[in-house]
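# Here is the input, now give the coordinates:
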Amino acid sequence: MNVDLRVDWCDYKAAKFAVEHWHYSKSVPAGKIVKFGAWEDGRFIGAVLYSLGANNNIGKPYGLKQTEICELTRVALTAHASPVSQIVSATLRMLK
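The predicted structure is shown next:
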């Protein structure tokens, strides 16, 4: 099945909707969040979120401070045709 996948920034409202409806935790991480939305053929299929994560020392092995690193914290998607790895890969290219 060939679909037109689009990954772009999304607002908090869209990310919250995706997490509350399609992620097992039903909760948006606290603090600063980088939010990406995914659309197939113009239909919103969910969100991918990055935040500071749970480990305060995650960047330490790389000489990075907590404010210089983020962690993939949510992948909240409804039924979709595109591979999750393709969606996450697109967000990583934008995150750089």
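
# Tell me the pLDDT of the residue nearest the centre of the chain.
Centroid-nearest residue in the chain, with CA atoms, centre = their mean: residue 48, separated by 1.6 Å. The per-residue pLDDT reported for residue 48 equals 98.

# Make residue 1 into 7 and carry on from there
With 7 as the first residue, the last one maps to residue 54.

# quick one, what contacts it?
Contacts for residue 54 (CB atoms under 8 Å, 6 or more residues apart in numbering) come out as 13, 41, 42, 44, 78, 80, 81, 82, 93, 94, 97. All C-beta atoms are positioned from the backbone trio N, CA, C, and that covers glycine.

# Please name the bridge partners of it.
Beta-bridge partners of residue 54, counted by DSSP bridges, are residue 42, residue 81.

# what about residue 27, which helix or strand?
Per DSSP states H and E: residue 27 is located in helix 18-28.

# for the chain, what spans make up the helices?
Listed in chain order, the helices of the chain (DSSP state H) span 18-28, 90-101.

# mean confidence for the longest one?
In this model, helix 90-101 has an average pLDDT of 96.

# elements contacting it?
Helix 90-101 sits against strand 11-15, strand 39-46, strand 49-57, strand 77-83, with contacts defined as 3 or more CB pairs under 8 Å, 6 or more residues apart in numbering; DSSP states H and E.

# what does it rub up against?
With CB under 8 Å, 6+ apart as the contact definition, helix 90-101 has outside contacts at 11, 13-15, 40, 42, 44, 54, 56, 76, 78, 81, 83, 86.

# ok, which pair from these is furthest apart?
Longest distance between any two of these is 23.4 Å, between 76 and 86; criterion CB to CB.
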